[in-house]
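> Here's my sequence, what's the structure:
(one chain, ligands or ions: 1)
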Amino acid sequence: MSAATKLHWFFPVVAVVLLALAPCARGDERIVVKLPRADREQMQNDMVRFMEQQHALIDALAVRDMTRAENVARQARPPLARIRALASGKPLPPEGRLPQIKGDEALFLRMRKNLPPPYLNMLLGMRETWAKIESDAARGGSPEQALKHMSALQGFCVTCHKLYRIEPVADR
Ligand code: HEC
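Residues are numbered from 1 along each chain as shown. This is a model prediction of the structure:
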């Protein structure tokens, strides 16, 4: 067998051994958040939408189209009242009555119970950054300024993904 043929076998074998060992070496040190299966799916759908929105924004900024960037940011920024109330940690009104909170009240209460405060704060930070991108663009801000905001926006994605993982549970 020639040296070249030996190497041909050697590298894939080493790669397989390294891949097998990699999970032991690294481990998964992220914080586990338990969520009911359906809530996790809803969150995964939201996440894919975040990606689409970011893509739409960078697409607009690449051609310096600030009107389009503003429209993208407006669509990406949901009413902030709900996420602010989620992240505030303040006691809720009695009997589950949540004035000003539009949308699914039961989901709101589960999210507040199941998601840790730093997680909710990062979601809030992300939403507020979208609001900044929108208002800056509306005031004639430059693509460079919007890109700086976008970098902050992605900072939230990166930090949260490094810190947390979701474990689906039957109910919670
Ligand atoms: C506050 C925390 C948090 C923030 C902020 C966050 N994510 Fe996530 N994201 C998660 C977690 C946790 C998962 C893993 C969900 C799972 O697999 O159950 C996830 C999963 C995803 C996924 C995979 C979805 C799937 O179908 O499996 C995508 C894509 C994603 N995030 C994109 C983003 C983008 C883009 C941003 C920023 C604009 C972002 N996320 C911001 C927590 C966050």
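
> Point out where the chain drops to low pLDDT.
1-26, 93-102, 172 (pLDDT under 70).

> Go again with 50.
The model of the chain has no residue with pLDDT under 50.

> Let me see the ranges of the helices in it.
Ranges of helices in the chain, per DSSP state H, are 3-26, 37-62, 66-76, 80-88, 105-114, 117-138, 143-163.

> could those helices go into TSV alongside distance to Ala170 and mean neighbour count?
All C-beta atoms are positioned from the backbone trio N, CA, C, and that covers glycine. Compiled in TSV, the helices of the chain are given as follows (distance: least, CB to CB, whole Å; neighbours: other CB atoms under 10 Å):
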stretch	distance to Ala170	mean neighbour count
helix 3-26	26	9
helix 37-62	7	14
helix 66-76	32	19
helix 80-88	23	17
helix 105-114	13	15
helix 117-138	21	19
helix 143-163	25	15
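
> Reformat these as a markdown table; add distance to Val169.
A markdown table is the format used below for the helices of the chain (distance: least, CB to CB, whole Å):
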| stretch | distance to Val169 |
| --- | --- |
| helix 3-26 | 23 |
| helix 37-62 | 7 |
| helix 66-76 | 29 |
| helix 80-88 | 20 |
| helix 105-114 | 9 |
| helix 117-138 | 16 |
| helix 143-163 | 19 |
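
> any residue of stretch 58-67 up close to the ligand?
No - using CB under 6 Å from any ligand atom, stretch 58-67 never reaches the ligand; the gap is at least 11.2 Å.

> before we move on, back to that, out of the helices of the chain, which is closest to Asp171?
Nearest of the helices of the chain to Asp171, taken as CB to CB: helix 37-62 at 8.5 Å.

> Next, the angle from that closest one to helix 117-138.
Helix 37-62 and helix 117-138 are oriented at 30 degrees to each other (axes from the mean of the first three to the mean of the last three CA atoms, to 10 degrees).

> Which neighbouring elements make contact with helix 37-62?
Contacting helix 37-62 under the criterion 3 or more CB pairs under 8 Å, 6 or more residues apart in numbering; DSSP states H and E are the following elements: helix 66-76, helix 105-114, helix 117-138, helix 143-163, strand 164-169.

> show me the contacts for Asp46.
Residues counted as contacts of Asp46 (CB atoms under 8 Å, 6 or more residues apart in numbering): none.

> Oops, could you answer that again for Leu35 instead?
Shown in contact with Leu35 (CB under 8 Å, 6+ apart): 43, 114-115, 166-169, 172.

> Of those, which ones also sit close to the ligand?
43, 166.

> of all the contacts of Leu35, which comes closest to the ligand?
The ligand lies nearest to Ile166 out of the contacts of Leu35, by CB to the nearest ligand atom, at 3.2 Å.

> wait, isn't the closest one in contact with Met47?
No - assessed by CB atoms under 8 Å, Ile166 is found out of contact with Met47, at 10.2 Å.

> Brilliant, that's me finished.
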